[in-house]
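# Just need the structure, nothing else, for what follows:
(2 chains)
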There are 2 protein chains.
Amino acid sequence: MKGKHVQKTEKNPLHAIFGARSVAFVGASNNPTTMGTTQMLLTLRGGFKGPVIPVHPREKTVLGQKAYARLTDIPQDVDLAVLIVPTRAALDVVKDAIAKGIKHLVITTAGFRETGAEGRALEKELKRITSEAGVRFVGPNCIGVLNTATGLNTTFQPYRHGPGPLGLASQSGTFITQTLDLLKRWGIGLSKGISIGNATNIDLADALEFFAEDPATKAVGLYIEGIDEGRRFLEAAKHCTAIKPVVALYAGGSEGGARAGASHTGAMAGPDKLYDGMFKQAGIIRAPTLADLYQWGWALATQPVPRGRNIAILTHSGGPATTMADATTRYGLHLPRFHGELLERIRALIPKTGSAANPIDLTFSMDPKLLAETLPELLLSSDEIDGLLIHGIQGSSFFEDLKEVAGNLLQMEVDQVISLTEHVVQPLLKMPERFGKPILTSSFFDRRDNLVRLLQDNFIPVFDMPERSVAAMAAMVQYAQVQKRNAL
Amino acid sequence: MKGKHVQKTEKNPLHAIFGARSVAFVGASNNPTTMGTTQMLLTLRGGFKGPVIPVHPREKTVLGQKAYARLTDIPQDVDLAVLIVPTRAALDVVKDAIAKGIKHLVITTAGFRETGAEGRALEKELKRITSEAGVRFVGPNCIGVLNTATGLNTTFQPYRHGPGPLGLASQSGTFITQTLDLLKRWGIGLSKGISIGNATNIDLADALEFFAEDPATKAVGLYIEGIDEGRRFLEAAKHCTAIKPVVALYAGGSEGGARAGASHTGAMAGPDKLYDGMFKQAGIIRAPTLADLYQWGWALATQPVPRGRNIAILTHSGGPATTMADATTRYGLHLPRFHGELLERIRALIPKTGSAANPIDLTFSMDPKLLAETLPELLLSSDEIDGLLIHGIQGSSFFEDLKEVAGNLLQMEVDQVISLTEHVVQPLLKMPERFGKPILTSSFFDRRDNLVRLLQDNFIPVFDMPERSVAAMAAMVQYAQVQKRNAL
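The predicted structure follows:
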């Protein structure tokens, strides 16, 4: 019956938690190897504007901030308390928080229902005292929350990328913590992240309800090991997918996954097919792997939804053209053959060794404008095309590599060429909005390349493998169908 | 009937091509934007020890080397000529090569059968004159060859990673050129690469025959758009897979893929099922995506083949544990529950919040020795386990990130801690050989991290997603079955 105490009229507690303007860290110290220290450090140094207050039984200052022995000793108001204390101390600290009038907590402390009977009893007691006091909390056994707009970051990995439109709610703290560096390398920007832990109070349904309302979040990614309250989740998910796309990775459906999940967050996993059916009913796009969760979520968060499944592929090399074309068939997309005027116009633009069919293969044309402006414009203007996949946009890395290898053997105005490449790609950045159609790209080069950076920072996804953009486009077509179903 | 002129007793021409000690580049100039210039530059500056000779109609020197107007003007012997000339000039240059007594060519020049009737006629003529002269060549319409041991590199991307045991033969030049930077980031080292192009003379079967004989190559990756001589390919593949693993990506099996492939290399694609059957018969592991081709090939090239499908998973966080466990089921691996003495010994080692079942989840234990030495040794010693998957080995990146964020707030001897992490991971590097069992790992951190680098440079694969190592392990189990079938 968990969660039933929440009235629909009550404001979702995640607004207060993500919007916290003062945070206390109970369990931070000056020892760099403890979790609490790292967590406090990241908020303190991550751009958070409000007070960051350490609570420590002995230290006078922690990380340069005046420390208090208990929460009740803090003179000013505290919006949010983060608990990183031993299991045995957790309930006393919660009681202090209640005494201090703190209404919102993040309980990182583990050792509750996921560890057996004793932990289950402790969790029940935690539930009772917080419920009586009207305190809402994330966790226990979680990493907590990340708000990229305010710098609130109770994870233990710095967030160094710009804010972006993807929101994440996860039953694994790792997937909103340890992956932050990877997500930056992939050019994926987060709005907010929440590690749900044992979801004793705030659960995935609350997160979905919050993200549906959060203007900074355009699409939601969920990592799920098991859902206790199926009906509540389903309702929240239906509500959310009617407003914005939701992608979910469910890993509890197999014997191995269920066993691992149970010992991780104590989640009750269910058969794969059951979850599959629930996701379909809720309009949730199911991601088969973690990479898909992030990448499909990013595509859906940044790009307009395609109106149909007719896709154009544009590239300068045959291998990516062929693998992408092959993947479109496997993912259920259509690759219409161009004909009539469109075909003639393409033919007139590309080299003789190239191919004007769909895919368009420029071969090794050195005219970047063709790949990044003229052809995308031509294709997206056509009613025959609902979305565009481009492979191979590349700027500085080729020239820098060449200059490095060449040394004084070649005269090259590398800087000039590089700034020219940025100029060439500018019109492409506006095309998704201009045409109301999605553009997804892939490149074998990373953010060291100026154009990869430029595209990613303007929210045009650049994936590392050509087939990844095909898979993400198929996920977008799936969401278009959810929208159509909802409109009936 | 192509290829039938090759006698089985003849030495495979790729030995001479990869072993070339002098190379002429016809079409290199001092213009950095032409392909020929880049190709010559990379061999010249890539560590190649022999003479690199430019051929140019007007220039006296090219890239600092004395240039000759024609191949026939070169006074010294030339082992290999690389042709990057306009289509119309190609045959004349080939005739010059024959006159000069050059027996091996790489013909990068495109515009042959892949472009229509005129190109087909030209290709027929190319075939006739080379066949009469006993000249063997790679191409046309290809990027050529890469030998990481000698520095011969006729692609146009520098090879900056150390040599490794994976050999690649590809109907796309892009997949041995544009991906070199990515492969370095993934820690994947190549022995040799060959872009087969139109395969007019040297084809995939020749490449397989060569790689079977090449001691530097421990596994072979193939990218295929279509095979003209199925029987010849099948025989070469059977021969090769009896000696070393072969992984293939076939992209011509769908309507879209076949269309794209035909205009790329003029390859005759066939139905997906036909190729699937051929691969099974040949003992080739089929990779569904480009990432799989590289990653499965890398796992097979570097790790001992597992004796069975019983896999242990070891990690420090629940999310990766659960997604990996779930993936093992999907990929047909077994995740045996530990019991008896093994279980007791694991329990005694890990934190109370951790999980001793399979997967082993250390939760956030800060003891790297447990993850990188004690537990791997315990697991690999057990007869219950055929292979080990580890997620989350991480060294310098965490400490460097923390120090960067902390600035002067924390006292940390980061350099000392980092060198300690390298010490801790040393025993793991020897375990695959010591136990004759494969170890595959994954990490959300890249080669910026000292331990990711150390593992990769010691040929223990580190993939970026936890499920990737599961997929690669399943590919290895597939190859074990090929070996068993061959042994019958």
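# count of neighbours near the residue in the stretch 251-400 of chain A that chain B sits nearest to?
As assessed by CB to the nearest CB, chain B sits closest to A:Gly319 within the stretch 251-400 of chain A, at 2.5 Å. For glycine as for every other residue, the C-beta is placed from the backbone atoms N, C-alpha and C. A:Gly319 sits with 31 neighbouring residues when counted by other CB atoms under 10 Å in any protein chain shown.
# So it is in contact with B:Ser170, correct?
Yes: proximity of A:Gly319 to B:Ser170 meets the contact threshold set by CB atoms under 8 Å, at 7.1 Å.
# if I look at the residue of the stretch 251-400 of chain A closest to chain B, how far off is A:Pro461?
20 Å (CB to CB, to the nearest Å).
# can you check A:Gly27 too?
Distance check for A:Gly27 against A:Pro461: by CB to CB, it reads 38 Å.
# Spatially nearest residue to A:Val482 (excluding sequence neighbours)?
Nearest residue to A:Val482 in three dimensions, chain neighbours excluded: A:Gly283, at 4.0 Å (CB to CB, 6 or more residues apart in numbering or on different chains).
# Then A:Cys142?
Nearest one to A:Cys142, counting by CB to CB, 6+ apart, is A:Gly197 at 2.7 Å.
# Need the overlap of contacts for A:Gly319 and B:Ser170.
Shared contacts of A:Gly319 and B:Ser170, defined by CB atoms under 8 Å, 6 or more residues apart in numbering or on different chains, comprise B:Tyr223.
# how distant is the helix or strand containing A:Lys95 from the center of its chain?
Assignment of secondary structure by DSSP states H and E places A:Lys95 within helix A:87-100. Distance of helix A:87-100 from the chain centroid (CA atoms, centre = their mean, to the nearest Å) equals 32 Å.
# same question for that helix, mean pLDDT?
Model confidence over helix A:87-100, given as mean pLDDT, is 97.
# Okay, buried residues for that helix please.
Buried positions in helix A:87-100, judged by neighbour count with 16 or more other CB atoms under 10 Å in any protein chain shown: A:Thr87, A:Ala90, A:Leu91, A:Val93, A:Val94, A:Asp96, A:Ala97, A:Ile98, A:Lys100.
# The following helix or strand past it packs against which elements?
The helix or strand immediately downstream of helix A:87-100 is strand A:104-107, counting by DSSP H and E. Using 3 or more CB pairs under 8 Å, 6 or more residues apart in numbering or on different chains; DSSP states H and E, the elements in contact with strand A:104-107 are helix A:13-18, strand A:80-83, helix A:87-100, strand A:136-138.
# List the contacts of A:Asp73.
A:Val55.
# Can you tell me how far it is from A:Ile98?
With distances defined as CB to CB, the gap from A:Asp73 to A:Ile98 amounts to 15 Å.
# Nearest to chain B, out of the helices and strands packed on strand A:104-107?
Closest to chain B of the helices and strands packed on strand A:104-107 is helix A:87-100 (CB to the nearest CB; 8.5 Å).
# Tell me which other helices or strands that closest one touches.
Packing partners of helix A:87-100 (3+ CB pairs under 8 Å, 6+ apart): strand A:80-83, strand A:104-107, helix A:117-133.
# The first one and chain B in contact?
Looking back up the chat, that one is strand A:80-83. No: for a cut-off given as CB under 8 Å from any CB of the partner chain, strand A:80-83 has no contacts with chain B; the smallest distance is 15.3 Å.
# ok, residues contacting that strand?
Contacts for strand A:80-83 (CB under 8 Å, 6+ apart): A:16-17, A:20, A:22-27, A:36, A:39-40, A:55, A:71, A:90, A:93-94, A:97, A:100, A:102, A:104-109, A:139-140, A:144, A:152, A:154.
# Just the buried residues out of those residues, in ChimeraX syntax.
Filtering the contacts of strand A:80-83 down to the buried ones (16+ other CB under 10 Å) takes a single ChimeraX command:
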select /A:17,20,22,23,24,25,26,27,36,39,40,55,71,90,93,94,97,100,102,104,105,106,107,108,109,139,140,144,152,154
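# So A:Tyr275 sits against A:Gly257, correct?
No: the criterion here is CB under 8 Å, and A:Tyr275 misses it with A:Gly257 at 10.7 Å.
# Please say which of the two ends up with more neighbours.
Counted by other CB under 10 Å, A:Tyr275 and A:Gly257 do not tie: A:Gly257 has more neighbours, with 28 against 22.
# contacting residues for that one?
If you count contacts by CB under 8 Å, 6+ apart, then A:Gly257 has A:Glu225, A:Ala251, A:Ala269, B:Thr322, B:Thr323, B:Ala325, B:Asp326, B:Thr329 around it.
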